[in-house]
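Engineer: Need the 3D shape of this:
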Amino acid sequence: MKKVDLTNVQEAKDGSNRHPAGPYICKITAVEDVEEKEYLKVSFDITEGEYKGYYAKGREEHPDWEWFGSYCKSYKTKALPMFKRFCSAVTKSNDGYTFDGGAANSDEKSLIGKKIGLLFREEEYYSNDGELRTRLIVYSEFSIDKIKEQKTPSIKKIKDEDAKSNAPADDGFMKMDAGADEIQFA
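Structural biologist: Numbering: from 1, shown residues only. So this is what the prediction gives:
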């Protein structure tokens, strides 16, 4: 292993250093149209309060975290009601601006710099190593004046039937207890 200097590195705290779930006023910082899959990849950052600049700081510290502070807004036919909610939230949050989903004068790049209210929720998931963890997701969008009224949604727990489908696949190898150094056959 190469030598690393940990003198000025702050130790991570099991995900507790992330911002809590709930309502935030945010600014759209980048937009990418993934046309073949019919969605916009929307990057954002928090613009007010204790966590202002949270995602910019994280991306600065970890340039390979391109997913950090972004989510996808599908514009497939089935998702159009949710996409319209996104468009309305941006339009109502920015005086004199209209985004109507690509029609007329609505180039997706015009979203950059616009404010939006984002409501975050925690959800459980299984990591690649099979550990049950939680993550923050963008749960919904609101206009700036409505985001302040929103209550923090409850955590989305994995149901028993979901746990089986999300558990790591059986890889065909026999499982051994941690620290075991030999296999005992009966």
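
Engineer: Report the rounded mean pLDDT for stretch 119-130.
Structural biologist: Here stretch 119-130 scores 93 as its mean pLDDT.

Engineer: Show me which residues of that stretch are buried.
Structural biologist: By neighbour count with 16 or more other C-beta atoms under 10 Å, stretch 119-130 contains the buried residues 119-124, 126. From N, CA and C alone the C-beta is placed, and that goes for glycine too.

Engineer: and if you look at stretch 33-42?
Structural biologist: By neighbour count with 16+ other C-beta under 10 Å, stretch 33-42 contains the buried residues 39-42.

Engineer: repeat for stretch 72-86
Structural biologist: So, applying 16+ other C-beta under 10 Å, buried residues of stretch 72-86: 73-75, 83, 86.

Engineer: Extract the CA atoms of that stretch and return them as PDB.
Structural biologist: The C-alpha trace of stretch 72-86 is given here as PDB (Å, rounded to 0.1, in the frame of the first residue of the first chain):
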ATOM      1  CA  CYS A  72     -33.200  11.700 -12.900                       C
ATOM      2  CA  LYS A  73     -36.500  13.200 -14.100                       C
ATOM      3  CA  SER A  74     -38.100  10.900 -16.600                       C
ATOM      4  CA  TYR A  75     -40.100  12.300 -19.400                       C
ATOM      5  CA  LYS A  76     -41.400   8.900 -20.600                       C
ATOM      6  CA  THR A  77     -45.200   8.900 -21.300                       C
ATOM      7  CA  LYS A  78     -46.000   7.100 -18.000                       C
ATOM      8  CA  ALA A  79     -43.900   9.700 -16.000                       C
ATOM      9  CA  LEU A  80     -45.200  12.800 -17.600                       C
ATOM     10  CA  PRO A  81     -47.400  13.800 -14.600                       C
ATOM     11  CA  MET A  82     -44.300  13.800 -12.300                       C
ATOM     12  CA  PHE A  83     -42.300  15.600 -15.000                       C
ATOM     13  CA  LYS A  84     -45.000  18.300 -15.200                       C
ATOM     14  CA  ARG A  85     -44.800  18.700 -11.400                       C
ATOM     15  CA  PHE A  86     -41.000  19.300 -11.800                       C
END
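
Engineer: name the element the residue nearest the centre of the chain belongs to?
Structural biologist: Compute the mean C-alpha point of the chain, and by C-alpha atoms, centre = their mean the closest residue is residue 137, 4.0 Å away. Assigned by DSSP states H and E, residue 137 falls within strand 132-142.

Engineer: quick one on the thing from earlier: can you tell me who the residue nearest to the centre of the chain pairs with across the strands?
Structural biologist: Note on residue 137: beta-bridge partners by DSSP bridges are residue 121.

Engineer: Please determine how far it is located from residue 113.
Structural biologist: 23 Å (C-beta to C-beta, to the nearest Å).

Engineer: Surely residue 76 and residue 35 touch.
Structural biologist: No - counting by C-beta atoms under 8 Å, residue 76 sits too far from residue 35 to count as a contact (11.6 Å).
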